[in-house]
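A.B. asks: Need the 3D shape of this:
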Amino acid sequence: MKADLTTPGSFAQSKSLRAETRGVKNLYPKGIPGKIPSSNPDYKVDLSSHSKVPPSPSSGSSISLPDLPTPPAPSVPDLPKTDFAKDMAKDAVKDESVKKLEKIQEKEIKAGTLKKPAIIFIKGLDVFSSPLKSEGGYAGVGRIAEAIEGSRIYGWDQKEEIIEEIKKVHKDYPVVLVGHSLGGDTAVEIADELDSLKENFRKVDLLVTVDAIGFSHSIIPQNVKQHLNVFGENSLVLNDGPHVARRDEKTNVRNILSPLDHTDIDDDKEIQYEIVDLIQKTIGTKT
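C.D. replies: Numbers count the residues shown, from 1 in each chain. Next up is the predicted model:
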């Protein structure tokens with residue numbers, strides 16, 4: 001094909017063709033104003049396939065890595081569905097069943113079959129307590145109870161429960177009653193009820209009253225073998241004074257007059273020693 005060099009446009013086209021034949025890109029030919037090449041194949045990069053030869057690190061291009069297999073996710077076992085409301089209801093029913101079983105087991109203990117001493121401590125009313133020393137009105141009595149193995153503590157208004165507990169004990173084993181303040185009156189009342197045909201004149205081996213309240217409990221019944229009565233000289237309004245035996249040939253009564261106040265007598269070390277010593281002597285041959 002012959003190029004026409006007679007016109008300026010033909011000369012520019014010829015020059016452009018010669019440049020392309022030498023590998024030179026003529027991006028903006030001067031002979032064709034406003035005309036820009038529509039495409040440049042040298043800038044196209046095919047990323048659809050991996051190159052067999054890795055590119056040089058100095059080239060700046062990224063290295064494509066082969067796809068790694070994804071590890072399978074661990075299988076989690078299905079957990080059983082939990083109904084917390086039902087579980088709580090079951091636990092409540094279970095606890096109630098246990099309580100009922102314990103009550104049944106207590107009732108199954110026949111009267112007179114428990115072969116161990118009945119050592120009962122009866123606390124007084126908290127209104128007479130001394131916050132500094134008595135810690136609730138019966139701290140001294142509570143400490144004595146803790147020192148005696150197998151003892152039990154009741155409130156002054158639990159007379160029926162105490163009598164039921166005493167009935168379980170075999171008649172050859174001793175009964176010990178220790179009461180402070182209103183608990184002392186309850187102890188005397190229990191001894192009175194046990195001294196009856198209905199209760200087969202149950203024996204009380206030791207009765208201890210510590211500043212008992214009530215003038216109608218000064219006479220100790222005949223079923224009590226030994227009685228210790230401690231009362232304060234400064235609290236005549238609260239205590240019922242000295243006690244006497246209904247039949248002195250059957251009951252040994254000992255009265256101790258204390259200079260301490262009503263709430264402090266059971267905290268006195270000498271009084272505590274007298275009570276512990278008497279209890280140990282009473283149950284010493286029946287342990």
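A.B. asks: Out of the helices and strands in this structure, which is least certain?
C.D. replies: Least confident helix or strand of the chain, by mean pLDDT, DSSP states H and E, is helix 8-21 with a mean of 53.
A.B. asks: in the stretch 101-250 of the chain, which segments are predicted with low confidence?
C.D. replies: The stretch 101-250 of the chain contains residues with pLDDT under 70 at 101-108, 126-138, 215, 235-238.
A.B. asks: Strands of that one, residue ranges please.
C.D. replies: Secondary structure of the stretch 101-250 of the chain (DSSP state E, counting those that start in this stretch): strands at 118-122, 152-154, 175-180, 204-210, 219-220, 224-232, 244-245.
A.B. asks: mind giving me JSON lines with those strands and columns for distance to residue 197?
C.D. replies: Where you see a C-beta, it was placed from the backbone N, CA and C, and this is true even at glycine. Formatted as JSON lines, the strands of the stretch 101-250 of the chain follow (distance: least, C-beta to C-beta, whole Å):
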{"stretch": "strand 118-122", "distance to residue 197": "21"}
{"stretch": "strand 152-154", "distance to residue 197": "25"}
{"stretch": "strand 175-180", "distance to residue 197": "18"}
{"stretch": "strand 204-210", "distance to residue 197": "16"}
{"stretch": "strand 219-220", "distance to residue 197": "19"}
{"stretch": "strand 224-232", "distance to residue 197": "17"}
{"stretch": "strand 244-245", "distance to residue 197": "21"}
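A.B. asks: CSV for these, including mean neighbour count and distance to residue 264?
C.D. replies: Listed next are these as CSV, based on neighbours: other C-beta atoms under 10 Å; distance: least, C-beta to C-beta, whole Å:
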stretch, mean neighbour count, distance to residue 264
strand 118-122, 25, 18
strand 152-154, 17, 19
strand 175-180, 28, 11
strand 204-210, 27, 11
strand 219-220, 20, 24
strand 224-232, 22, 8
strand 244-245, 15, 25
